[in-house]
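A.B. asks: please work out how this folds:
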Amino acid sequence: MTTEKMKAKAGLLYDANYDETLLRERTVCADLIHELNLIRPSNQKERDTLLRRILGKAKENFTIISPFFCDYGYNIEIGNNFFMNMNCVILDDALVTFGDNVFVAPNCGFYAGGHPLDAERRNSGLEYAFPIHVGNNVWIGANVCVLPGVTIGDNSVIGAGSVVTKDIPSGVLAYGNPCRVIRTISEDDKRRYTAI
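C.D. replies: Numbers count the residues shown, from 1 in each chain. Predicted coordinates:
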């Protein structure tokens, strides 16, 4: 028998609103996220322990600042030296992966789930989910929105306020609505800012 969870994983339309298994899993995650967001920031050990219960995979060194929100948690994988600032949302209806050395600014959203344009299907509770992948050494500016199925390549920077609707290649500066490649990140960028 094909379950709604299996359909979601296969990228097919699935019932996200009325399926008992998915409703239960989102409720369990919502309770854990609520608990996480109430832990004092100074209690880092308790926060890390709870985040490891929520997330599907997490390497050794990471920071997620509260408040933080996600749907299931188990579909989120983060690399080493991962930093996510406050008020970020990951709708992990499909797998959402982040490589090593990824920095995410405040108020960003990663939305793996979407709804059909057809009102009848949408109103019946159907949706779809496509994986999101963020490569290594990526910086994502404040208020960025990443939509279903997007891949952001290694060593790229996504400018603040961008709506990322399509794949972004490696080694570029991209921004806008819709987000588009502005230029390649070059050797000159290493000299742009000087240390004190």
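A.B. asks: V138 against A105, yeah?
C.D. replies: No: counting by Cβ atoms under 8 Å, V138 stays clear of A105, with 11.5 Å between them. (C-beta placed from N, C-alpha, C; glycine too.)
A.B. asks: who's more crowded, the two?
C.D. replies: The residue with more neighbours, out of V138 and A105, is V138; 22 against 19, by other Cβ atoms under 10 Å.
A.B. asks: skipping adjacent residues, who's closest to the more buried one in space?
C.D. replies: Distances taken as Cβ to Cβ, 6 or more residues apart in numbering place V102 nearest to V138, at 5.0 Å, with adjacent residues excluded.
A.B. asks: can you name the next helix or strand after the lowest-mean-pLDDT helix or strand in the chain?
C.D. replies: Averaged element by element with mean pLDDT, DSSP states H and E, the chain has its least confident helix or strand at helix 119-123 (a mean of 93). Following helix 119-123 in sequence order, the next helix or strand is strand 126-129 (DSSP states H and E).
A.B. asks: and the helix or strand following that next one, which strands flank it?
C.D. replies: Heading C-terminal from strand 126-129, the first helix or strand you meet, by DSSP H and E, is strand 132-134. Strand pairing for strand 132-134, using DSSP bridges, gives strand 96-98 (parallel), strand 151-152 (parallel).
A.B. asks: and those strands, which is most packed in?
C.D. replies: Mean neighbour count (mean count of other Cβ atoms under 10 Å) peaks for strand 96-98 among those, with a mean of 24.
A.B. asks: got a list of contacts for the top helix by length along the chain?
C.D. replies: Counting residues, the longest helix in the chain under DSSP state H turns out to be helix 20-38. Identification of contacts with helix 20-38 by Cβ atoms under 8 Å, 6 or more residues apart in numbering yields 3-5, 8, 15-17, 47, 50-51, 53-54, 66-74.
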